[in-house]
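**Student:** below is the structure, and that's it, no one-letter string:
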C-alpha cells in the first residue's frame, strides 16, 4: 500500500509540474511566489515599453524572454480597454462640451479625432505585408484615436496597416455606427482627411471671409488637443517614439498600442504629472514625423 501510495503521490506531483510548466512557471515544489512573479512580469513589460532600448536584444534567449513578457503583459492590460477607453456616457457630454467650448468657443464638441502612424518592423509571415508601407515610406500601423477635453483617449482602433486612409478606417469602425444610429450624440472635430458628415466639423478649405478665418482659428486651437495627446504618448512611451519602432509580431504590436492607451488613461485618472517642459517638444516631434 505504501508503495502504491508513493506512486500515486508521484503521479500527482507530476501533474502539478506539467500544469505549472504549461503556464510558464516553476513546479509546485518551487519556492516561487506566483503573485510576485506576475507583478515582476508586469513591471518588466512596462519597463520595456518605456525603455529607449525597447526590443533591441543582444542575445537570442534574452530576446525570446522579453518578447514573451511584452506579449503577455500587453494582452493582459489591453483586456482592460472596456473599463478605461470608452466614449462619454449620458451624463458626461455636458461637462466635456463645456470644456471644449471654453477652449475656443465651438459648441457641442465631445471629442477630436485623428490618425497617428506608429512605426513597426516589417511584418513577417503576413499575406499583406506590403500594405503596412505608408506614404512616408516606412512600415506602420495607422491608429485612429479620439480624445476628450482632458486629453483622455475615448476611442482607439489599432488594427489597420499604414497604407490605409483615415476615412476608410473610420467608415469601418464601430464608432461610426454609433454616431450614425444616435447611440453617441455630439460632434467630433477632424481635419480634411475624413468625409463630410453631420457629426463632424472640419476646417474651411479656402477661407475667404473674416468669419471663416475666425472659425478656422477656433477649430485649429480646439483640435490641437489630439496632436498634444499623440505627442505625449510618444514622449511617455519611447517604444512608439519618433525614432523607435515596435519590433515584435504585428498582432502583439496592436495589443501593445491598446495597452499603452489604457495606461495613458489610468495616468490621467490618477492625475500623474506629464513631462514638464516637454509637451511642446513632443508635439513638434510628432508633427515632423507625420
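**Tutor:** All right, it came through fine. Computed from a prediction, not measured in an experiment: that's the story for all the values here.

**Student:** residue 147 is in contact with residue 111, isn't it?
**Tutor:** Yes. Using C-beta atoms under 8 Å as the test, residue 147 is close enough to residue 111 to be in contact (6.2 Å). In short, each C-beta sits where N, CA and C put it, glycine included.

**Student:** now the common contact residues for the two.
**Tutor:** Counting by C-beta atoms under 8 Å, 6 or more residues apart in numbering, the common neighbours of residue 147 and residue 111 are residue 154.

**Student:** what's the spacing between residue 253 and residue 186?
**Tutor:** 31 Å (C-beta to C-beta, to the nearest Å).

**Student:** any weak-confidence spans in the stretch 1-150 of the chain?
**Tutor:** Within the stretch 1-150 of the chain, the ranges that satisfy pLDDT under 70 run 1-65.

**Student:** how does it look with 90?
**Tutor:** 1-74, 76, 88-93, 122-129 (pLDDT under 90).

**Student:** can you give me the strands in it?
**Tutor:** 109-119, 140-147 (DSSP state E, counting those that start in this stretch).

**Student:** show me what the first one is packed up against.
**Tutor:** Just to be clear, that refers to strand 109-119. On a contact count with 3 or more C-beta pairs under 8 Å, 6 or more residues apart in numbering; DSSP states H and E, strand 109-119 meets helix 93-104, strand 140-147, strand 153-161, helix 166-171, strand 187-189, helix 210-236.

**Student:** what strands flank it, and is each parallel or antiparallel?
**Tutor:** Sheet pairing of strand 109-119 (DSSP bridges) gives strand 140-147 (antiparallel), strand 187-189 (parallel).

**Student:** got TSV for the ones you listed, with mean neighbour count too?
**Tutor:** What follows is the strands paired with strand 109-119, written out as TSV (neighbours: other C-beta atoms under 10 Å):
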stretch	mean neighbour count
strand 140-147	24
strand 187-189	23
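
**Student:** which of the ones you listed sits closest to residue 107?
**Tutor:** Judged by C-beta to C-beta, the one of these that comes nearest to residue 107 is strand 187-189, at 8.4 Å.

**Student:** can you list contacts of the closest one?
**Tutor:** 106, 108-113, 146, 179, 199-201, 219, 222-223, 226.

**Student:** find the nearest non-adjacent residue to residue 158, please.
**Tutor:** Nearest residue to residue 158 in three dimensions, chain neighbours excluded: residue 257, at 4.2 Å (C-beta to C-beta, 6 or more residues apart in numbering).

**Student:** likewise residue 213?
**Tutor:** Using C-beta to C-beta, 6+ apart, the nearest residue to residue 213 is residue 207, at 4.7 Å.
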